[in-house]
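S.K.: The sequence and its predicted three-dimensional model are supplied below.
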Amino acid sequence: MIDLEIHDGVAEITLNAPAKLNALGEAALAELGEAYDQAEFTGVRALVLRGEGRAFCAGRDIAGVDPRDDDVHGYLGGLVEPLLKRMSRFPAPTFAVAHGACLGVGLGLLIASDIVYVADTAKVGSPFKNLGATLDSGGHALFTERLGAHRTMDLIVTGRLMSGSEAVAAGLFSRVFPADEVLQETRAAAHAAASGPTQAFVASKRLVAELRDRRVGLWTSMAEENRAQAALCDTEDYREGFAAFQEKRTPHFTGRA
């Protein structure tokens, strides 16, 4: 489900499972990491990450996941977190094209990218209240840093999704474009970056990452999210949320541990 094309020093990686909104299971995460490895090996000077179809990435592919024995810490801590770290350290500027649903792991992919251009119709937030789960993949750090504690908790408790325009206005991402222009604009910016001073860009990329981690503690926060999600696996509401999602019905939560 992961496609890689390279043209004129720019790698374009596509999440290509539109029927499931590019949701990522274990195999797809491994493929995505391999695509980044291959792009780095070829020496590209910029990279574009995008999703095919009507969404960038709706998060984890939970089709067939049994919440009674779900190893969510293995998925998040063993697969997602290492991938996001690998993406964030790519030795060239990386661009992400955000459109449609950008949720859960999909939000994490945006956080791990250097520059994020967003369609005005994109949807960003925390839909996890319907799963009996918690926001993951670095979402707590991003939202709390950019939005503050009150607005972050509002998104988490209500499940309201921000539009791409609202997300950029709030400082979450780089720039917003009409949905039919965002891919073209991102490709143009990536090709311009590929003809620039790559090592200077990489030096700034490292400095920005160090400052962010010192101020926000992204990776520490992500590890804490992983532990919290693993603890929630043992609750009745987590099992009910997953079952309701898979059965396409409204969940009935008890609030009990």
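M.R.: Alright, I've got the coordinates. Residues are numbered from 1 along each chain as shown.
S.K.: ok, Gly125 - contacts?
M.R.: Neighbour list for Gly125: 103, 155, 159-162 [criterion: Cβ atoms under 8 Å, 6 or more residues apart in numbering]. The way it works is simple: take the backbone N, C-alpha and C, and place the C-beta from them, glycine included.
S.K.: Are any of these buried, and if so which?
M.R.: Neighbour-count burial (16 or more other Cβ atoms under 10 Å) applied to the contacts of Gly125 gives 103, 155, 161-162.
S.K.: Could you pull up the residues touching the nearest residue to Glu5 once chain neighbours are set aside?
M.R.: Using Cβ to Cβ, 6 or more residues apart in numbering and skipping the chain neighbours, the partner closest in space to Glu5 is Glu12 (4.9 Å). Residues counted as contacts of Glu12 (Cβ under 8 Å, 6+ apart) are 4-6, 47-48, 50, 187.
S.K.: if we can go back for a sec, inside helices: which ones of the buried ones among the contacts of Gly125?
M.R.: Among the buried ones among the contacts of Gly125, DSSP state H puts Leu155 in helices.
S.K.: I'd like the buried ones among the contacts of Gly125 laid out as a markdown table, including distance to Glu31.
M.R.: A markdown table is the format used below for the buried ones among the contacts of Gly125 (distance: Cβ to Cβ, whole Å):
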| residue | distance to Glu31 |
| --- | --- |
| Leu103 | 20 |
| Leu155 | 30 |
| Leu161 | 27 |
| Met162 | 29 |
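S.K.: which one of the buried ones among the contacts of Gly125 sits closest to Ala257?
M.R.: Among the buried ones among the contacts of Gly125, Leu155 lies closest to Ala257 (Cβ to Cβ), at 23.8 Å.
S.K.: Look at the closest one and report its pLDDT.
M.R.: pLDDT for Leu155: 96.
S.K.: With the one 10 residues further on instead?
M.R.: Residue-level confidence at Ser165 comes out at 97, pLDDT.
S.K.: Next: Ala257.
M.R.: Reported pLDDT for Ala257: 70.
S.K.: got it, and Arg249?
M.R.: You'll see Arg249 listed with a pLDDT of 93.
S.K.: What of Ala223?
M.R.: 92.
S.K.: could you pull out the helices for the protein?
M.R.: Under DSSP H, the chain gives helices at 26-41, 72-75, 81-88, 105-111, 139-147, 149-158, 164-169, 182-194, 198-216, 218-232, 236-247.
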